[in-house]
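**Student:** Need coordinates for the below:
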Amino acid sequence: MTTFSNDRKQALKVGLFGLSANPPHYGHVKMAQYAKDKLDLDEVWWIVAAQNPLKSTEGMAPFADRVQMCRILTQPYKWLKVTDIEERCGTQRTFDTLSILTDMNPDTNFAWIMGADNLAGFHKWYKWQEIANLMPIAVLARPGETDKARMSQAGIEMTQIHAPADLIHAQSGYSILDNPMVDISSTQLRQNSERRITGTSPDVIKHIQSHQLYGF
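**Tutor:** Residues are numbered from 1 along each chain as shown. The predicted model follows:
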């Protein structure tokens, strides 16, 4: 079981969850809740991506709208926070963002949360080895992606990286969680052929419609 060690028990334990939020949905909330419970976190912070350098900008809603939709969706969950740090600090690369957050919050015990699909391509990320050494990494299982992630370049090489002391996992720099699968994605919401949106909050739907996002 993945957990934090007791030597920093008094430190705030925060999971950092990067997402495009295009749009955010209940699957994101469910995964954040699972990681919080599994890792015994105090909070989870959603880091809304200003622009993922590995993703196309086509079909991407404006940053301000994506942040606002996240804040609407997370309003009932006091442990779930939304940060626009990438826009405020002008960062696009995860290493730069995480470095700023750790510098700004020296007494906080962070863990990075990513999907198995991201681990599969993690070796393409800027300074990915440094990220692995910066903080513990918890990987959320994704349909059809988990085995691919384990056998990826980063998945293999990270087994040789000693996990930070805060994360207990035998001889590995990361841990793959056994979370339940979710059957919803942002792509599905954007591309719904019937032009109906489900799987996110009614207030997020209202925001999408009132701002004419995704052609709705």
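
**Student:** Below-threshold pLDDT in the chain: ranges please.
**Tutor:** For the chain, residues meeting the criterion pLDDT under 70 lie at 1-9, 52-56, 160-173, 193-197.

**Student:** So which bits of stretch 122-142 are buried?
**Tutor:** 122, 125, 128-129, 131-132, 134-142 (16 or more other C-beta atoms under 10 Å). Every C-beta, even on glycine, is put in place using the N, C-alpha and C of the backbone.

**Student:** and it, how far apart are its ends?
**Tutor:** End-to-end distance of stretch 122-142 (C-alpha to C-alpha, to the nearest Å): 15 Å.

**Student:** and it, how far out from the chain's middle?
**Tutor:** 11 Å (C-alpha atoms, centre = their mean, to the nearest Å).

**Student:** cool, and stretch 202-216?
**Tutor:** Distance, centroid of stretch 202-216 to centroid of chain: 23 Å (C-alpha atoms, centre = their mean).

**Student:** now do stretch 115-127
**Tutor:** A distance of 12 Å separates the centroid of the chain from that of stretch 115-127, by C-alpha atoms, centre = their mean.

**Student:** which outside residues touch it?
**Tutor:** 53-54, 93-96, 114, 128, 131, 139-142, 145-146, 148-149, 152-155, 157-158, 174, 176 (C-beta atoms under 8 Å, 6 or more residues apart in numbering).
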